[in-house]
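>>> what would the 3D arrangement of this be:
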Amino acid sequence: MRTIKSVVEYQESTDEGGTKTIYFRNLHETECEKANYLECIEKKVPGYTEAKLEAIEKTFGVIILETTHNATPQEIYEYYKERWSIETFYDYLKHQMDFNALGVQDWAELQGLAFMMLLATLINGAISERLKQSSLAGIYMPEVMLTASSVKAIKRNEAWAIENASKSERDIFDALEVPIGSELIPSNSWFPT
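I've put the predicted structure just below:
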């Protein structure tokens, strides 16, 4: 495991009420986002153009925080980075899973739903981490989830088997170190047969 030391530039301003607005720009993230955007242009991904790059490049690696916390910009940035996984979880619940749209009113149902949402988020996070370490370049989480949902396991003659896995589906599962063969062998004795 290697650690990348990022250079973070910042500008700070404080209003009359004591609220600080801090503009951070992580130069390492800026370069990574630009490289990713250029790769999408090269692959001719719809919506990625040189003209748009010029317009949005100034937002790459930028975080703007508002706080009343009495700390240095460096400390505030570190707090933010430590809490990033929590922010990502809430963003995932609100925007990707659309938790609020479910309209659950019963307390017990809400607790069960919250547990299922947490479980789904843990699975999503585990896949995302494996994806970062995989050999696949330029593949995004929605594509992985869509591909994973299309793979079906069918029980025949007391054995579970994958019947419709294409080469691209097998490639994704192999890159995520989740081998899928023609027959699934349970790793635990409690697995239903």
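
>>> tell me which element the residue nearest the centre of the chain falls in.
Nearest to the mean C-alpha position of the chain, counting by Cα atoms, centre = their mean, stands Ser128 at 5.5 Å. Using DSSP states H and E, Ser128 falls within helix 107-133.

>>> and that helix, how far from the chain's centre?
12 Å (Cα atoms, centre = their mean, to the nearest Å).

>>> on that earlier part again, touching, the residue nearest to the centre of the chain and Tyr140? I think so.
No: using Cβ atoms under 8 Å, Ser128 is not in contact with Tyr140, being 9.9 Å away. (Glycine included, C-beta is placed from N, CA and C.)

>>> would you mark the buried spots in stretch 139-151?
Val144, Thr147, Ala148, Val151 (16 or more other Cβ atoms under 10 Å).

>>> got the contact list for it?
For stretch 139-151, contacts defined as Cβ atoms under 8 Å, 6 or more residues apart in numbering pick out 124, 127-128, 131, 162, 164-165, 168-169, 172-173, 176, 180.

>>> 7 Å - rerun?
Here stretch 139-151 makes contact (Cβ atoms under 7 Å, 6 or more residues apart in numbering) with Ile127, Ser128, Leu131, Ile162, Ala165, Ser168, Glu169, Ile172, Ile180.

>>> tell me which two of those residues sit farthest apart.
By the measure Cβ to Cβ, Ser128 and Ile162 form the most distant pair in the contacts of stretch 139-151, at 22.9 Å.
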